[in-house]
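> Model the following, please.
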Amino acid sequence: MPSNKKEGIIFAIFMCSGMVFIMTLYNTLLHGVSITFWSAVLQLIITFIIAFIVESLVEPRARKLALSFPYDKSKQMNVILAISFCMVPAMVLIMSVYGLILTSIMVGIEGSIFTAYLKTVGLNLIVALPAQLLIVGPISRGLLTKFIKPMSQKPEVSI
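Numbers count the residues shown, from 1 in each chain. Just a heads-up that it's a prediction; the model follows:
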């Protein structure tokens with residue numbers, strides 16, 4: 001877990017990058033859209049920027065909500081799970097609007113937009129939560145612990 005603002009930003013970049021990659025790949029495969037390499041790169045960049053902005057707005061509120069629940073906060077895994085269970089649904093609700101806009105531009109939407117939104121939320125939630133809990137979260141925490149935290153620690157001066 002991040003212990004300062006710099007680590008928090010780096011951790012958010014790791015998390016957003018992983019989740020954007022997985023969810024973009026999933027939604028592209030789900031909708032059967034064929035796009036060029038450069039179009040995919042551009043879509044990933046734009047989606048990352050939007051997701052990072054949304055994450056920076058959602059994360060403090062999700063953390064506050066998660067920490068308000070009664071559970072054993074002395075165990076780090078409990079805190080991680082509580083934050084994830086608050087953050088992922090909020091991100092899915094918001095990012096599904098973006099996904100719906102993108103889908104309507106690329107392939108169009110048939111029927112009710114409300115029904116399409118509910119379907120999009122459901123389909124995204126069943127992939128986003130396990131992806132965050134089992135893949136992206138552990139990898140991001142591992143990268144943070146292995147590469148970023150050692151650089152943040154000040155070396156001891158021995159005399």
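
> check contacts around residue 73.
Going by CB atoms under 8 Å, 6 or more residues apart in numbering, residue 73 touches 67, 79. Any C-beta I mention is one placed from the backbone N, CA and C, and that applies to glycine too.

> Which strand or helix spans it?
Under DSSP states H and E, no helix or strand contains residue 73.

> Ramachandran angles for it?
Backbone torsions of residue 73, given as degrees, to the nearest 10, read phi -80, psi 0.

> do the same with residue 125
Note on residue 125: backbone dihedrals following degrees, to the nearest 10 are phi -60, psi -40.

> Could you report the distance from it to residue 78?
To residue 78, residue 125 is 22 Å away according to CB to CB, to the nearest Å.

> Now do residue 97: how many residues are near it, please.
Using other CB atoms under 10 Å, residue 97 is surrounded by 13 other residues.

> nearest spatial neighbour of it, skipping sequence neighbours?
residue 117 (7.3 Å; CB to CB, 6 or more residues apart in numbering).

> same thing with residue 47?
Closest residue in space to residue 47, ignoring its immediate chain neighbours: residue 20 at 5.1 Å, by CB to CB, 6+ apart.

> mind checking the SS state of that neighbour?
Here residue 20 is recorded as helix under DSSP: H, G, I helix; E, B strand; the rest coil.

> shouldn't the residue nearest to residue 97 be in contact with residue 96?
Yes - in this structure, residue 117 is within contact of residue 96 by CB atoms under 8 Å, at 6.4 Å.

> Compare the two (neighbour count), which wins?
Each of residue 117 and residue 96 has its neighbours counted (other CB under 10 Å); residue 96 has more, 24 against 16.
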